[in-house]
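> need coordinates for the below:
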Amino acid sequence: MGTLIKWIMKSNKKRYVEITILNICGILSSIAISYSAVISKDIINFAIEKNDKFYFYSIIFFFLVIIGHITFGISKAYVSYFKGGYMHDAGIYTYKTIINKNFQDFIKKTPAQYAELSLRTVEKVANTLSNYATMGGLVYFFKLFIYMSTIFVLDYYSGLASILFSIILILLLLGSNAYYYPRSKKLNDLELEVKEYVSDMFAGKFESALFNAIDHEMVSYNNYVKDYWKRLRKLYIIDLLYSNTSRRFISTLFYFYIVYRGIKLNDVGKLYSMTTIFIMIRMQLYNAMGAWHAIREGMIAAKQLEEFVG
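Residues are numbered from 1 along each chain as shown. Got it, this is the predicted structure:
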């Protein structure tokens, strides 16, 4: 993690201002969306009762939705701007460092590997902060806190169930990470070797055609990459079982419990609000899978950059 933070800090100082703005807008957006879900309870109940307060609460709801979408749009725009800026800053640093290496250090890796590092690997570091669904640790945890607090206000037992649901999903995430992280690092290193092999194969296309050796090259290619694809497929299948199939099954069970609590409370407005808030909590926790995936990919990329670039 320290290496990842080190490489994130290689960006220009003005990137910190961009991160601050998008975090503030993200927090305002989460507050507006959360409160709109709460007052939707009153809107539904007032509509059923034909209470005149229905119109006043509807206007508030409308403005909250507008504010939520505007602040979300501003945050999303700044995220895209940040990614472009970071890739520019870190890309120039990486390219400059590589080009200034002494010859003995430079030939330890191939030009194709250095090109991969200065473009795609740098992008993986940027992705730890530039995917808005998972962007901004402060925004992410603030949203989760606001949604948890809201469902507690609506129903204490649903709040407890949401906490238990969060703990189970986090444990699944940790289990997935324990399997995925070390194997992914080895596969990323192997991928660079495969790309170098393919690059050399295409560079020798003229000789292969001249000596009628294309079929032989294809056999060699299949043998070379067979192990890589086999290990990659196995990694993705097991990670899918940990982070997708299991979480969907568990989230369905807890969703049914939230619906049961809403029915038991005999309040249509609360039933709607509780299920809406639980879905938002579930989305945040699902994003934790994506957030951690982006972080662990960024950690692997930062280690590669530290190793090859310095």
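
> for the stretch 51-200 of the chain, what spans make up the strands?
Using DSSP state E, counting those that start in this stretch, no strands are found in the stretch 51-200 of the chain.

> where does pLDDT dip in the stretch 101-250 of the chain?
In the predicted model of the stretch 101-250 of the chain, residues 101-120, 129-138, 181, 185, 189, 192-193, 196-221, 224, 243 satisfy pLDDT under 70.

> now do the buried residues in stretch 36-49.
Of all the residues in stretch 36-49, those buried under the rule 16 or more other CB atoms under 10 Å are Ser36, Ala37, Val38, Ile39, Ser40, Lys41, Asp42, Ile43, Ile44, Asn45, Phe46. Every C-beta, even on glycine, is put in place using the N, C-alpha and C of the backbone.

> neighbouring contacts of that stretch?
Applying CB atoms under 8 Å, 6 or more residues apart in numbering, the contact partners of stretch 36-49 are 51, 53-54, 57-58, 60-61, 64-65, 68, 150, 153-154, 267-270, 272-273, 276-277, 280.

> from the chain's centre, how far out does that stretch sit?
Relative to the centre of its chain, stretch 36-49 is centred 33 Å away, using CA atoms, centre = their mean, to the nearest Å.

> using PDB, write out every CA atom in that stretch.
Once non-C-alpha atoms are left out, stretch 36-49 reads as follows in PDB (Å, rounded to 0.1, in the frame of the first residue of the first chain):
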ATOM      1  CA  SER A  36     -34.700  12.100  -0.400                       C
ATOM      2  CA  ALA A  37     -35.100   8.300   0.300                       C
ATOM      3  CA  VAL A  38     -36.200   9.200   3.800                       C
ATOM      4  CA  ILE A  39     -38.800  11.700   2.900                       C
ATOM      5  CA  SER A  40     -40.200   9.400   0.100                       C
ATOM      6  CA  LYS A  41     -41.600   7.500   3.100                       C
ATOM      7  CA  ASP A  42     -43.700  10.600   4.100                       C
ATOM      8  CA  ILE A  43     -44.700  11.400   0.500                       C
ATOM      9  CA  ILE A  44     -46.100   7.900   0.000                       C
ATOM     10  CA  ASN A  45     -48.000   7.900   3.400                       C
ATOM     11  CA  PHE A  46     -49.300  11.500   2.800                       C
ATOM     12  CA  ALA A  47     -50.500  10.400  -0.700                       C
ATOM     13  CA  ILE A  48     -52.400   7.400   0.900                       C
ATOM     14  CA  GLU A  49     -53.900   9.600   3.600                       C
END
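
> any idea of the mean pLDDT for that stretch?
Averaging pLDDT along stretch 36-49 gives 82.

> now do stretch 88-100
The average pLDDT within stretch 88-100 is 74.

> then stretch 301-310?
pLDDT averaged over stretch 301-310 gives 72.

> what of stretch 264-275?
Taken as a whole, stretch 264-275 carries a mean pLDDT of 86.

> contacts only, for the nearest residue to Ile27 once chain neighbours are set aside.
Leaving aside its sequence neighbours, Ile27 sits nearest to Phe142 (CB to CB, 6 or more residues apart in numbering; 5.3 Å). Going by CB under 8 Å, 6+ apart, Phe142 touches Gly26, Ile27, Ser30.

> re earlier: among the contacts of stretch 36-49, name the ones in helices.
Among these, the ones falling in helices (DSSP state H) are 53-54, 57-58, 60-61, 64-65, 68, 150, 153-154, 268-270, 272-273, 276-277, 280.
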